Each structure stands twice: as C-alpha cells, then as structure tokens.
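1. A predicted structure for the sequence below; I have some questions about it.
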Amino acid sequence: MSSTRKEAPSSLFSSLADDIVLNVLARVPRRYHPNISCVSKKLRSLVRSSELHKTRSLLGMDRFYVCFDEYGYPHRINHWFALAENRRLVPIPFPSPPEPYSVALTVGPEIYFVGGYCTRPSSSMWILDSRSGKLRRGPSSLVATRSAAAGLVNDKIYMFGGRCEDEYEEIQAQAFDLKSQTWQLAPNPTRQVQDISMSASLRRNIYARNAEEAVVVYDTRDGEIEIPAPAQQLRSRDFCVVDNVLYIYQTHAGLLWYESKEKEWRVVEGLNLKARIAWSTALAEYNGKLAFLWHERDKSEVWCSVIVLYGSKVAVRGRVEWSGCLLSDLPYKYKFKHCLCLD
C-alpha cells in the first residue's frame, strides 16, 4: 500500500490558479457561497472578494430587480424594474401572480411567491422565470396561510407562522423541497407567531418581524423560537443578509447589524443614512455589498447608495461606494415591495 495519501478534492481545487477558481465559483449559485466559504481560508477569501463579483457581473450572472406596489382600488398592482448598465431602473413586463402573496424568494434565476396576504389565506405557489418572463403555478402548500414568514435553507423553502385556516391551526410550519418539488411538514414553532411583515434566512435560521415589531428567530431544525430584545420602531420592510450578517434600516438610528451571539442590534459605523427623510426604503444584497434604496413622499425620484461593509465580530463599518438617482419619474402611488438580486 502506498504511503502517499491522495489529496482531498477541496485541496486540489484550492491549489488551482485564482483566475481559474474564480471562473468556476462565478457559475455557482450564490446561495451555496456560505458553504464554500467553510472549505478553506483561500476559498472564503475568494468568495468575499470583489474579483468574484466582477467576474459574475461580466458573465451576466447577477441581475437586480425592484418591484413597486401601486396602491389603488380594488387591488394593488405590481410594477417591475431592472437595473441597467447605466445604473438606471428600466421597466420590464414581468407578470404578477393572480393571487395575493406575502413573500418572494429567489432561487437561481427564478422568483418563488408564497403565502397569502393580509386577510386572504392562500395555498398557492407561483414561480416567475426572470429569463423568459413567464409565470407558472407551482405545487400548492399543505395549508393555506396569510402573513407568514419564509426563507430558503438547504434547498428547502420553509414557511412558518402567520395565520392558517381554522381547521388546520395545528400546522404552523411547512417546507417545500426544491429537489423533489413537494411540500412536507416542518417543525412547528415553539411559540405562535402571527402577522409577519418581513423575513430572511441566515444559516439554519429564519429571521422575521412580527406585528409588535419584534425580531423572531425560527430554527428550522427543531422549531425553536427566540425573540431577542427588539429594536424600537423597525421601520424597514426588509431584512438584508450580506456576507452572513443580518442588516436592517431603522429610521431614527440608520443602518443596524445583528450581533447574533449577544442577540442585539448595533449601529453600522461610518454612515449617515439616518439623515434621509424617506417615505419608503428597501435593502438588498448586491454584488457582495448592500444596496440601500429610498424615495421621499410626494417626490418622484428613487435614490440608491451602494455600501461596502467591513469590520470585526464586535463592530461593522460602512462606506458609501456609489450614490445616485435610479429613477426620476416614479408615480406617487408607488411604494417598494421587493428588491431582489438573482443569479
């Protein structure tokens, strides 16, 4: 038996030239990047590098979309825009699901719409292919819900909380397996969580904001619910995860990041976003950075700041890399609904 041991595949891969590794990583969906980061220090550095994001951009892998709600009677209408190369939003004819929904999730180039909205529970799933612009119906969930939380964890879309139909109140969580395309029961949350207004996934957990504006953390393994000390007046519609850190915009404090070990919100240093008098705001991960969008009441302009984030385990600093106007003629009835970055 030879005394020479075979090198592990990860070691062989890491030994390749950086440009080759970057070319391969650029074609891997972003949802797998956290797992790749755990393989080696070199891969972790490459996943976080600006070179990877430049390579993905050159390959056309990342596309940025903004959806606006148009308030009106009898129901709201959605309007979609795409970010063009000149850093302006241009309208695109994406169809909207024929039924109300509470959550939109990105899986590669597709957008999954799940969960009923407000007073209308729904078991429908709709899937929009951003490449073709076609909308199709997905498998119905086990139980109709409304105002639920949802997140993507390990190739499964978990949906929990909200309000279910009375006869199915004992089912408070369900999961959609992307590989088998089937719904299954998920661990019920250990506490009842209703009227979710936003949610995001980070590692094995799903973070959501309830009606009391408190942050709720759902563990997809066992259904354990934690409610850390809430930040006051969480006025943002969106959580945003960048490089495995959770962020939210708070009107009076600015951009906050969540310190998961201490279970507290901390202000991102070096920014002055709290000076923005915004009627509607939105956050999204964009090329490894944070895109902060806003528009003021009775004004037709949509603005964006692209923020580079860096720091340690105890503090995070931000630097505005670019800021400018994305749209100059937004109708006054429009309000942010989604900001999504797709593979």
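-> Perfect, thanks for sending it.

2. Number of residues surrounding residue 132?
-> Neighbours of residue 132 under the rule other Cβ atoms under 10 Å: 9. For every residue, glycine as well, the C-beta is placed using N, CA and C.

3. Tell me the spacing between it and residue 109.
-> Using Cβ to Cβ, to the nearest Å, we find residue 132 at a distance of 9 Å from residue 109.

4. got it, and residue 198?
-> 23 Å.

5. Run through the bridge partners of the nearest residue to residue 338 once chain neighbours are set aside.
-> Among residues not flanking residue 338 along the chain, residue 67 sits closest, at 4.1 Å (Cβ to Cβ, 6 or more residues apart in numbering). Partner residues in beta bridges with residue 67, using DSSP bridges, are residue 80, residue 338.

6. Assumed residue 265 was part of a strand.
-> Yes. Counting by DSSP: H, G, I helix; E, B strand; the rest coil, residue 265 is found in a strand.

7. OK, contacts around it?
-> Contacts were defined as Cβ atoms under 8 Å, 6 or more residues apart in numbering; by that measure residue 265 touches 231, 248, 250, 256, 257, 258, 259.

8. Pull up the per-residue confidence for the fifth one.
-> Each residue has a pLDDT score; the one for residue 257 is 92.

9. That one reaches residue 264, doesn't it?
-> No. Contact between residue 257 and residue 264 fails when scored by Cβ atoms under 8 Å: they sit 10.0 Å apart.

10. Can you report how many residues lie near the residue nearest to residue 204 when sequence neighbours are not counted?
-> Nearest non-adjacent residue to residue 204, counting by Cβ to Cβ, 6+ apart: residue 220, 5.4 Å away. By the criterion of other Cβ under 10 Å, residue 220 has 21 neighbours.

11. And residue 220, how far from residue 246?
-> For residue 220, the distance to residue 246 - Cβ to Cβ - is 16 Å.

12. any idea how the protein splits into domains?
-> 9-57, 62-90+231-337, 95-230 (automatic domain parsing).

13. So residue 198 and residue 109 - more neighbours on which side?
-> Between residue 198 and residue 109, counted using other Cβ under 10 Å, the more crowded position is residue 198 (18 against 15).

14. so that one touches residue 211, yeah?
-> No. Using Cβ under 8 Å, residue 198 is not in contact with residue 211, being 11.7 Å away.

15. follow-up on the earlier one: rebuild the domains of the chain as TSV, extending it with distance to residue 343.
-> TSV is the format used below for these (distance: least, Cβ to Cβ, whole Å):
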stretch	distance to residue 343
domain 9-57	5
domain 62-90+231-337	7
domain 95-230	5
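
16. Compare the ones you listed and say which comes out lowest on pLDDT.
-> Among these, domain 9-57 scores lowest, with a mean of 74.

17. how distant is that one from the center of its chain?
-> Relative to the centre of its chain, domain 9-57 is centred 21 Å away, using Cα atoms, centre = their mean, to the nearest Å.

18. check contacts around residue 340.
-> Residue 340 makes contacts with 64, 65, 66, 67, 104, 106, 111, 284, as judged by Cβ under 8 Å, 6+ apart.

19. Once you drop chain neighbours, what's closest to the second one?
-> Translated: residue 65. Leaving aside its sequence neighbours, residue 65 sits nearest to residue 340 (Cβ to Cβ, 6+ apart; 5.0 Å).

20. For the one you found, I want the exact helix or strand it lies within.
-> Assigned by DSSP states H and E, residue 340 belongs to strand 334-342.

21. Likewise for residue 257?
-> strand 254-259.

22. before we move on, the earlier item: pull the number of nearby residues for the residue nearest to residue 338.
-> By other Cβ under 10 Å, the residues close to residue 67 number 19.

23. Need the max-distance pair from the contacts of residue 265.
-> Across the contacts of residue 265, no pair lies farther apart than 250 and 259, at 14.8 Å, counting by Cβ to Cβ.

24. separation between residue 322 and residue 309?
-> Here residue 322 is placed at a distance of 14 Å from residue 309 (Cβ to Cβ).

25. Ends of stretch 135-145, what's the gap?
-> Length of stretch 135-145, first residue to last, Cα to Cα, to the nearest Å: 21 Å.

26. For stretch 255-273, buried residues please.
-> Neighbour-count burial for stretch 255-273, counted by 16 or more other Cβ atoms under 10 Å, picks out 255-260, 265-268, 270-271, 273.

27. and the two most separated of those residues?
-> Maximum distance among those (Cβ to Cβ): 22.2 Å, for 260 and 273.
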